[in-house]
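[1] curious how this folds, go ahead:
(chains A, B and C)
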Amino acid sequence: MTERGRAERRLGWWLSAPALVAMALVTVYPIAYAFWLSLFRHDLRFPEQRGFVGWANYASVLSSPVWWQALTNTLLITAASVAVELVLGFAMALLMHRATVGRRTVRASILVPYAIITVVAALAWKFAFDPTTGFVNALLGLQQSWLTERWSAFLVIIATEIWKTTPFMALLLLAGLTLIPEDLQRAARVDGASAWQRLRRITLPLMKPTIAVAVLFRTLDAVRIFDTVYVQTRGGQNTETLSLVAYDTLIVRLNLGLGSAVAALIFVVVALIAWGFLRSFGVSLEESR
Amino acid sequence: MTGRTSARRLGMLGESAAMLAVVAYALAPLAWIVSLSLKRPGDLNDGRFLPQAVTLENYRAVFNDVQFPAALWNSIGIASMATVVSVVPAAFAAYAIVRLSFPGRRLLLAGALAIAMFPPAAIVGPLFNLWRALGLFDTWLGLVLPYVSLTLPLAIWTLSAYFRTIPRDLDQAARVDGATPFQTLRYVIAPLAAPGLFTAAILVFIFAWNDFLFATALTSTRAARTVPVAIAFFTGSSQFELPTGAIAAASVVVTLPVIVLVVLCQRHIVSGLTAGAVKG
Amino acid sequence: MATIELENVSKGFRGGTPVLDDITLTIEDGEFFILVGPSGCGKSTLLNAIVGLEQLSAGEIRVDGQRVDHLDPKDRDMAMVFQSYALYPHMTVRENIAFPLRLAGLRKAEIASRVAAAAEMLELAAILDRKPARLSGGQRQRVAMGRALVRKPKAFLLDEPLSNLDARLRVQTRSELARLQQRLGATMIYVTHDQTEAMTLGHRVAILNGGRIQQVGAPRELYRNPSNLFVAGFLGSPGMNLIPARIDGAGLVLPIGTIDWKSLPPGFAGRKQAVLVGIRPEHFHRARTDESPPHALRVEARAEWVEWLGAETFVQLGPQVFDLPAGPGGVGELAAGQSSTVTSAAPIVARLDGTEQVAVGSPVRLWVDAEDIYLFDANSGITLSPSPSQRT
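    Reported below is the predicted structural model:
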């Protein structure tokens, strides 16, 4: 290795050290710490009972119906919202890709849901569906108390999520669409492919990596869902999600041992999802070149 | 021929209708919250989308409240601090990733990817405990730190995508022209990357501005409570009546500036948001 | 201005073949020196090594006797024109040209007068306040030149500076560049893949292939006396015809004809050896009744195809297919990257005067002076004959 090569290496390390340290400090260390805490009985309301309990916290979390219910709810919200977002987002992306006029306007307006604070979006939807302040019941001619029943509450939560994050999906997919050379579409047209055939045989196969990345990002994002549920039902009507369980156990009930076990398990769930995705799609996400 | 032109006209019409629908989809909830904020208290329960009469009373109430102005100040301060503290190391790291070859490159990219996928709920608890031990609970710094860590991947991706658009020939030309590495960064790279830095800054700012989970878990008083928490916990004068109008007004106040910013810089923001996910 | 010496310069990629392999060269003060070769031959790497953008793994570079290979580009006092021009997009033309002077810490008045002088020389005065995005290709090229020459560096290094111009502008700029170099008396090292640029611009030309120098010399010398098959095939358009042949008692035996042994160069008489014969297209002459020198290859063939270009006529001769020896060190390897001249089924092309009329399918009778026939070793590709002194 030449002198300059070594200097370049050194410079590279120096330049990336602050970012690496910052990222590790507030993630790797707390996760390790959470794992450590999860092996203890550690309830801030009963500090004298502190003691090593091994895997007992995990056993109580995994044997609790609350955990499984929250897991089911989270996966339900994730699956429903990501599926709808993908279809809706793709339609929006195709529209913006095709559009000759008004493209900027559409792009600017779909950035609005992205820019709105999630808490505000959740409140807006909550108020809209509220039987007293809302207009939805009047609009549909219903007398539904949306957020006090489980299934309708889910509907509102999922609708809010979809509204807020479909634009992100659409923009990702649009970026992927613009990477497909226009000539391929023209060639397929000359070859006699209909619009539907071009979509199925040219566009979709070439969009596969983009779709995989977009779905992965959105799935992992949806699994974290907290703000919307917290604002709209606070976990009531059996709509609790994983993040809410962790928050309640740790911050509200101050049970650090048990809560840390929940945190560690959430980490495992997310890691499993990510791993499963990367395996089945085989997309090298690191390849961001 | 007329059949074809009319079919095309129909297609154009359909396209325009679809685009209008998308715009309506995106703007309706915003319009709704603006409308709520302008309604008179007596009209709140009228079941209408638009206000019957417009009043600014809710805005007055929000700014006369003790909580909200403090929260606004906290949000502005914390989000700005997080932005600066995140973008600077991200710029260094992105420059290293794009321009230098060193073994840490892959580690950095993998780390950024891992953190982008990281569930924040998993670290809220440990941070809660740590921050109380370190005296960071309910302080600005206590929120700035997690925001910086969690936004670094986004900032690094945005900036490396940007640096990549700067041809390497320019660096080399500057070196041949007699520039030191620092002069190259200062006179050639930095001016060209300015829009990228700005984009990364906006994205980080929006993340910090938007966060609710850390803000509610790691604060307890006006000292560091940010806008999303203040809005979610708005109680108003009476315990039993939810001050819907005031909440809506507060929401509009914190939303509109960000929306204006985002719409003005839409091109950069879109390229920044998609930088990490799409190759090219 | 300066003399640049390269001694045993090498650069290897880890685990791969060398990019530069033991290159020794001297570029004289004030010389217009060309590095030419097919893409991937290492010419740009060599240029980057001279300016300091690439590190050497072995060897020395000296400028006026001083070693510079350990220096950063900024300390070598050389200017470079990049293929992309590398104009700083956020600076005006004026700022671009002034940038190296600013870095050198020159006084404002000095910078202004130098920029003005360069602008006048390159006719840039009218566009000094434009940004590069608003310039035409030719203007960008001139700005890049201006930024290089404003420093009065020891040497100018140019990396395919004309390749981004359209054909017409390229020819015009080429002659401007030659005049500029003459006027400045500057040492210029110029990288190109275009043999026309190499032949027309260079005082001397180095032909590179596979990271090695194949031959260095004046363009005329390289064309007349190529030292090996690669050089012979690289220069000339269309390329030299290569025909497998053998030497035996009767002389030189080709598939298209035979030359009696008396006309073979000394030293070959009586030997038996497989060779490759090289004939440049323009060395074919139409056989008339009375002319044709005593020692000539006489060819009778069918005109398979005829291309009439006005001033000249190209005739493809049949039979077309000869099997050229391949394998290690053989023609196939030497000719890598020059597929147009050497393939195992290359047709033989003769270039005749535009007034000659040849019908497709008709027989043609041609001759080639024995003096104009090149012989190459069939295995190594090295030129066997005649010795360089014979052709001038």
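[2] and residue 156, how many residues sit next to it?
    I'll assume chain A. Close neighbours of A:Val156, defined as other C-beta atoms under 10 Å in any protein chain shown, add up to 22. C-beta coordinates here come from the backbone N, C-alpha and C atoms, glycine included.
[3] try chain C instead
    Counted with other C-beta under 10 Å, the neighbours of C:Phe156 add up to 25.
[4] all helices of the stretch 151-289 of chain A, in order?
    Here the stretch 151-289 of chain A has its helices, by DSSP state H, counting those that start in this stretch, at A:182-190, A:195-198, A:204-223, A:227-232, A:242-247, A:256-281.
[5] chain C: which of those is closest?
    Evaluated over the helices of the stretch 151-289 of chain A, closeness to chain C peaks at helix A:182-190, with 22.9 Å, by C-beta to the nearest C-beta.
[6] quick check: domain ranges of chain C?
    If you go by automatic domain parsing, the domain ranges for chain C are C:4-229, C:230-377.
[7] redo those as CSV? Include mean pLDDT and distance to chain B.
    As requested, the domains of chain C are exported to CSV (pLDDT from 0 to 100; distance: least, C-beta to the nearest C-beta, whole Å):
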stretch, mean pLDDT, distance to chain B
domain C:4-229, 92, 4
domain C:230-377, 74, 25
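[8] and these, which is most packed in?
    When you average the neighbours per residue for each of these (mean count of other C-beta atoms under 10 Å in any protein chain shown), domain C:4-229 leads with a mean of 19.
[9] might one say that A:Asn57 is in contact with A:Ser260?
    Yes. With contact defined as C-beta atoms under 8 Å, A:Asn57 counts as touching A:Ser260 (7.4 Å).
[10] any common contacting residues for those two?
    With contacts defined as C-beta atoms under 8 Å, 6 or more residues apart in numbering or on different chains, the residues adjacent to both A:Asn57 and A:Ser260 are A:Ser38.
[11] those two: which is more packed in?
    Under the criterion of other C-beta under 10 Å, the comparison of A:Asn57 against A:Ser260 puts A:Ser260 first, with 30 against 25.
[12] does that one really touch B:Val124, like I thought?
    No. Counting by C-beta under 8 Å, no contact exists between A:Ser260 and B:Val124, whose distance comes to 10.4 Å.
[13] and for these two, which residues touch both?
    With contacts taken as C-beta under 8 Å, 6+ apart, the residues that reach both A:Ser260 and B:Val124 are A:Leu250.
[14] excluding its backbone neighbours, what's nearest B:Ser220?
    With sequence-adjacent residues excluded and distances taken as C-beta to C-beta, 6 or more residues apart in numbering or on different chains, B:Ser220 is closest to B:Asp138, at 5.0 Å.
[15] quick one, phi psi at C:Ala104?
    As for C:Ala104, its main-chain torsions (degrees, to the nearest 10) stand at phi -80, psi -10.
[16] in contact with it, which residues?
    The neighbourhood of C:Ala104, defined by C-beta under 8 Å, 6+ apart, consists of B:Gly178, C:Arg151.
[17] cool, C:Leu135 as well?
    Going by C-beta under 8 Å, 6+ apart, C:Leu135 touches C:Val93, C:Ile127, C:Val143.
[18] if we go to 7 Å?
    Taking C-beta atoms under 7 Å, 6 or more residues apart in numbering or on different chains, we find C:Leu135 in contact with C:Ile127, C:Val143.
[19] tell me how far it lies from C:Leu128.
    11 Å (C-beta to C-beta, to the nearest Å).
[20] quick one: C:Ala148 and C:Leu157 touch, right?
    No. C:Ala148 sits out of contact with C:Leu157 when judged by C-beta atoms under 7 Å, with a separation of 8.3 Å.
[21] shared neighbours, these two?
    Listed as contacting both C:Ala148 and C:Leu157 by C-beta under 7 Å, 6+ apart are C:Met80.
[22] helix or strand: which one has residue 110?
    Answering for chain A, as no chain was given. In this assignment (DSSP states H and E), A:Ile110 forms part of helix A:103-115.
[23] looking at chain C here, not the other one
    helix C:108-121.
[24] once you drop chain neighbours, what's closest to the one residue in the stretch 101-250 of chain B that gets nearest to chain A?
    Of all residues in the stretch 101-250 of chain B, B:Phe102 sits closest to chain A, with a separation of 3.1 Å (C-beta to the nearest C-beta). Sequence neighbours aside, A:Gly12 is the residue nearest to B:Phe102 in space, at 3.1 Å (criterion: C-beta to C-beta, 6+ apart).
[25] who touches that neighbour in this structure?
    B:Ala96, B:Leu100, B:Phe102, B:Gly104, B:Arg105.
[26] ranking the residues you listed by neighbours, who comes first?
    For the contacts of A:Gly12, the largest neighbour count, defined by other C-beta under 10 Å, is 26 neighbours, found at B:Ala96.
[27] now the helices of the stretch 151-289 of chain A in CSV, with mean pLDDT?
    What follows is the helices of the stretch 151-289 of chain A, written out as CSV (pLDDT from 0 to 100):
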stretch, mean pLDDT
helix A:182-190, 84
helix A:195-198, 86
helix A:204-223, 88
helix A:227-232, 91
helix A:242-247, 90
helix A:256-281, 86
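[28] mean neighbour count, those helices: which tops it?
    helix A:242-247 (a mean of 26).
[29] packing partners for the top helix by length along chain C?
    Among the segments of chain C that qualify as a helix by DSSP state H, the longest is helix C:167-184. For helix C:167-184, the contact count by 3 or more C-beta pairs under 7 Å, 6 or more residues apart in numbering or on different chains; DSSP states H and E identifies helix C:137-149, helix C:195-201 as packing neighbours.
[30] ok, and what's touching the next helix or strand after the shortest one?
    Proceeding N to C from helix C:195-201, the next assigned helix or strand is strand C:204-209, under DSSP H and E. Contacts of strand C:204-209 with the rest of the structure, by C-beta under 7 Å, 6+ apart, involve C:25, C:31, C:33-38, C:41-43, C:198, C:213-219, C:222, C:230-231, C:234, C:337.
[31] one more: stretch A:21-30?
    Under the contact criterion C-beta under 7 Å, 6+ apart, stretch A:21-30 has outside partners B:89, B:111, B:115, B:118, B:123, B:126-127, B:130, B:145-146, B:148-149, B:152.
[32] likewise stretch C:211-231?
    Residues outside stretch C:211-231 that contact it (C-beta under 7 Å, 6+ apart): C:18-21, C:23, C:25, C:41-42, C:198-199, C:202-209, C:232, C:235-236, C:276, C:331, C:334-335, C:338, C:376, C:381-383, C:388, C:391.
[33] can you do 6 Å?
    With contacts defined as C-beta atoms under 6 Å, 6 or more residues apart in numbering or on different chains, stretch C:211-231 is touched by C:18-21, C:23, C:42, C:199, C:202, C:204-207, C:209, C:232, C:235, C:334, C:376, C:381-383, C:388, C:391.
[34] in chain B, where is pLDDT below threshold?
    Under the criterion of pLDDT under 70, the regions of chain B flagged as low confidence span B:1-4, B:235-242, B:275-280.
[35] would you point out which residue of chain C is nearest chain A?
    Nearest to chain A, among the residues of chain C, is C:Gln55, at 4.8 Å (C-beta to the nearest C-beta).
[36] looks to me like that residue is in a strand.
    No. Per DSSP: H, G, I helix; E, B strand; the rest coil, C:Gln55 lies outside any strand segment and is coil.
[37] surely B:Leu213 is in contact with A:Ile225?
    No. Using C-beta atoms under 6 Å, B:Leu213 is not in contact with A:Ile225, being 10.2 Å away.
[38] quick check: phi and psi at C:Asp77.
    Dihedral angles phi and psi of C:Asp77 (degrees, to the nearest 10) take the values phi 50, psi 50.
[39] for the closest residue to it other than its chain neighbours, give me its contacts.
    When the adjacent residues along the chain are set aside, C:Asp77 lies closest to C:Lys154, with 4.9 Å between them (C-beta to C-beta, 6+ apart). Each residue near C:Lys154 by C-beta under 6 Å, 6+ apart is listed here: C:Ala2, C:Val63, C:Asp77, C:Met78.
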